[in-house]
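> Sequence plus the predicted model coming up.
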Amino acid sequence: MNDQTTERETLLNVTGMTCASCARHVDQALRALEGVSAVEVRLREGQVRVTHDERPVPEAMIAAVEEAGYAATPR
């Protein structure tokens with residue numbers, strides 16, 4: 001049995017982030033998803049790069065961001 005997982009990257013456009021606190025909320029919401037190994041929030045660009053395995057699908061990431069109070073779309 002092969003336990004290796006393939007890391008993937010998903011890029012999201014996030015609107016509604018206006019400060020470092022907003023970026024931290026988005027970061028925490030995404031890191032809480034199982035399978036996420038890294039999150040890079042670019043506040044000025046309104047973009048987020050999520051490194052993950054196959055578990056969190058983009059729809060789950062968008063739902064997590066929206067639950068945190070922001071809007072997200074796949075990039």
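Ah, there it is. Residues are numbered from 1 along each chain as shown.
> rest of the way, CA atoms for contacts and neighbours
Noted.
> Would you state the helices of this structure in chain order?
20-31, 58-67 (DSSP state H).
> Adding distance to residue 49, mean pLDDT and mean neighbour count, write these out as TSV.
Listed next are the helices of the chain as TSV, based on distance: least, CA to CA, whole Å; pLDDT from 0 to 100; neighbours: other CA atoms under 10 Å:
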stretch	distance to residue 49	mean pLDDT	mean neighbour count
helix 20-31	10	98	18
helix 58-67	11	97	18
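> where does residue 56 land on pLDDT?
pLDDT, residue 56: 86.
> tell me the contacts of it?
Residue 56 sits next to 33-36 when contact means CA atoms under 8 Å, 6 or more residues apart in numbering.
> same check, this time on residue 30
Applying CA under 8 Å, 6+ apart to residue 30 gives the contacts 36, 39, 50, 61, 64-65.
> let's see it at 7 Å
For residue 30, the contacting residues are 61, 64-65, by CA atoms under 7 Å, 6 or more residues apart in numbering.
> Check the gap between it and residue 39 for me.
For residue 30, the distance to residue 39 equals 7 Å [CA to CA, to the nearest Å].
> Same question for residue 50.
Distance from residue 50 to residue 39, by CA to CA: 5 Å.
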